[in-house]
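K.L.:
next come a sequence and a model predicted from it.
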Amino acid sequence: MNGSETGDEPQTPLTVSMGSRRVPVPKPPRGGGHLPTVEEVSAGGVVIRPAAQGFEVAIIARYNRGGRLEWCLPKGHPENDEDHEQAAIREVEEETGIAGAILTSLGSIEYWFTVPTHRVHKTVHHFLLEAVGGELTTENDPDHEAVDVAWVNMDDLERTLSFPNERRIVSAAKQVIADTL
């Protein structure tokens, strides 16, 4: 019997759904009393353009709650009656200045975090987008979360992106591109 069959395997704050493959939703973090749970949904993506070698991806830099600079994929909450694809297109353009067209879904990630008043269970739906216009800028970000934006070669994102779950999404994007070229 392996660790996953006994339930001894440590929980991770991440699930990834790719097509029909679905990992169970992680359990909420322990401790901190009985804080209420808030469900959040976001959408964003990997917006690509051809480069001299392979493809480049537009990513943003933002400061986290602790004041640390993090490089991440653009994403945000759906507004009004937007579906996940519409929200991803809008958020990518607001945070990077780049207009994108959806090519395919890359799946979703789920994670937990705690703020002083509640726990948050967040699901982020990611899409592969083709850059179809625009210029890099953070000036159109209504929340002013993005402090910088850059085109980074896909092969360099493993070292650049701050979060392992987003690095896995980029790996999925690379596989989709490899399978379709």
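P.N.:
Structure received. Numbering: from 1, shown residues only.
K.L.:
the residue nearest to Glu79 when sequence neighbours are not counted: which element?
P.N.:
Closest residue to Glu79 apart from its sequence neighbours, by CB to CB, 6 or more residues apart in numbering: Ala87 at 6.9 Å. No exception for glycine: its C-beta is placed from N, CA and C like everyone else's. If you go by DSSP states H and E, Ala87 is part of helix 84-96.
K.L.:
just Glu39 next, same as before
P.N.:
Using DSSP H and E, Glu39 falls within strand 37-50.
K.L.:
so what strands line up beside that strand?
P.N.:
strand 55-63 (antiparallel), strand 75-76 (antiparallel), strand 118-134 (parallel) (DSSP bridges).
K.L.:
got those as TSV, with mean neighbour count, distance to Val176 and mean pLDDT columns?
P.N.:
Converted to TSV, those look like this (neighbours: other CB atoms under 10 Å; distance: least, CB to CB, whole Å; pLDDT from 0 to 100):
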stretch	mean neighbour count	distance to Val176	mean pLDDT
strand 55-63	21	11	97
strand 75-76	20	18	96
strand 118-134	18	6	97
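K.L.:
can you check which of these gets nearest to Asn140?
P.N.:
Asn140 sits nearest to strand 118-134 of all the strands paired with strand 37-50, at 9.1 Å, using CB to CB.
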